[in-house]
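Engineer: structure for the following, please:
(one chain, ligands or ions: 2)
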Amino acid sequence: MTMKIIMDTDPGIDDAAALTMAINDPEIDLKLITAVAGNVTVDKTTANALKIVHFFGKDQEIPVAAGAKEPLIKPFEDAARIHGASGMEGYDFGDDYGEPIAKSAVEALHDAIMAEDEVILVPTGSYTNIALLFKQYPEVKSHIKEIVAMGGSISGGNMTSIAEFNVFTDPDAAEIMYKSGVPIVTVGLDVTLKALITPDTLNQLKDMNETGKMLYGLINNYNDVTEAGHPMHDVNTIFYLLHPEAYQTKDLWVDIQTSGPAIGGMVADIRGAYHDGKTNAKVCVDIDAAAFNQWFLDEVSHMK
Ligand code: RIB
Ligand code: CA
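Structural biologist: Ligands and ions are numbered 1, 2, ... in the order given. Prediction:
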């Protein structure tokens, strides 16, 4: 039985890798892609999503809708320093990659979710589109099996000492999502900073096939990197869907800081002491990083 998923995304190089996995894995039925401002402006994230869909010849099968151009309240701040001016530097996708559908992201999300009994929502950018969707169409919540969200951290941030980029970009949207009552799997920096594409893995991609060449070009231009490798943050949402056994998780109550110097921080009730035992997230706290690298290579080896 294939998993029906919808990705809300801000490509972004690691988003592009996540879209690549979702589009190509036979266990996943990617129904819709919605774009949001984040790594770069929403016109660029929308174009980048279209480029990936077109690269795999799925223009007629997977619609792309443009979404929010700025956070709900907080001023927009991009991450072009990490992903390049276009948001996806390193590979020439050409100029003929089509157009987004006419519907807005919120309308497209509403229609796609209501058409299914159970769909999995996979956000890999800020959660602005999802917050707007829940505010305008709360009835969609009962049609969402779970949200598998890249974002947040309970062990340190990458924008401030405690705030992770997706939550930091729109903390008010993150608060709405985490208070929505929809089951959430938090795929945060706690595991994504361990899911590194090592230099050896990257070199194996280079001559593997056209997809490997594309990913090699993008990842080589991805400025989120250490000597140990490049963290493929967003790809973890797809690896989790396909191999949840590779992750250790804890059911916790998490709150989002929406103001002050801790803005964008994720505060976890790690002892379960302050919310009467209630939890609102399954937080990924560890990962089999070797399995992630091997899976990444295996997946790409079956692609064009
Ligand atoms: O903090 C990492 C997240 O921020 C990833 O989704 C990356 O694409 C950027 O959006
Ligand atoms: Ca992203």
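
Engineer: with just CA atoms, put stretch 192-204 into PDB.
Structural biologist: Output of stretch 192-204 as PDB, limited to C-alpha atoms (Å, rounded to 0.1, in the frame of the first residue of the first chain):
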ATOM      1  CA  THR A 192      19.400  15.700  11.000                       C
ATOM      2  CA  LEU A 193      22.800  17.000  12.000                       C
ATOM      3  CA  LYS A 194      23.800  13.400  12.400                       C
ATOM      4  CA  ALA A 195      22.400  12.400   8.900                       C
ATOM      5  CA  LEU A 196      25.400  13.600   7.000                       C
ATOM      6  CA  ILE A 197      26.100  12.800   3.400                       C
ATOM      7  CA  THR A 198      29.800  11.900   3.900                       C
ATOM      8  CA  PRO A 199      32.400  13.000   1.300                       C
ATOM      9  CA  ASP A 200      32.700   9.300   0.200                       C
ATOM     10  CA  THR A 201      28.900   9.100  -0.400                       C
ATOM     11  CA  LEU A 202      29.000  12.400  -2.300                       C
ATOM     12  CA  ASN A 203      31.800  11.100  -4.500                       C
ATOM     13  CA  GLN A 204      29.800   7.900  -5.300                       C
END
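
Engineer: around ligand 2, which positions in the stretch 51-200 of the chain sit nearby?
Structural biologist: Along the stretch 51-200 of the chain, the residues adjacent to ligand 2 under the rule C-beta under 5 Å from the ion are Thr124, Gly125. C-beta here means a position set from N, CA and C on the backbone, and glycine is covered the same way.

Engineer: who's in contact with Pro261?
Structural biologist: Taking C-beta atoms under 8 Å, 6 or more residues apart in numbering, we find Pro261 in contact with Thr160.

Engineer: next up, phi/psi of it, please.
Structural biologist: phi -60, psi -20 (degrees, to the nearest 10).

Engineer: show me the contacts for the residue lying closest to Asn293 once chain neighbours are set aside.
Structural biologist: Distance criterion C-beta to C-beta, 6 or more residues apart in numbering; nearest residue to Asn293, sequence neighbours excluded, is Thr201 at 4.8 Å. Contact partners of Thr201, counting by C-beta under 8 Å, 6+ apart, are Gly229, Asn293, Phe296, Leu297.

Engineer: out of those residues, who's nearest Gly260?
Structural biologist: Gly229 (34.0 Å; C-beta to C-beta).

Engineer: so the closest one touches Leu202, yeah?
Structural biologist: Yes - here Gly229 reaches Leu202: they are 7.3 Å apart, a contact under C-beta atoms under 8 Å.

Engineer: compare the two (neighbour count), which wins?
Structural biologist: Under the neighbour definition other C-beta atoms under 10 Å, Gly229 and Leu202 were set side by side, and Leu202 has more, 21 against 18.

Engineer: tell me which element that one falls in.
Structural biologist: Element membership for Leu202, per DSSP states H and E: helix 199-206.
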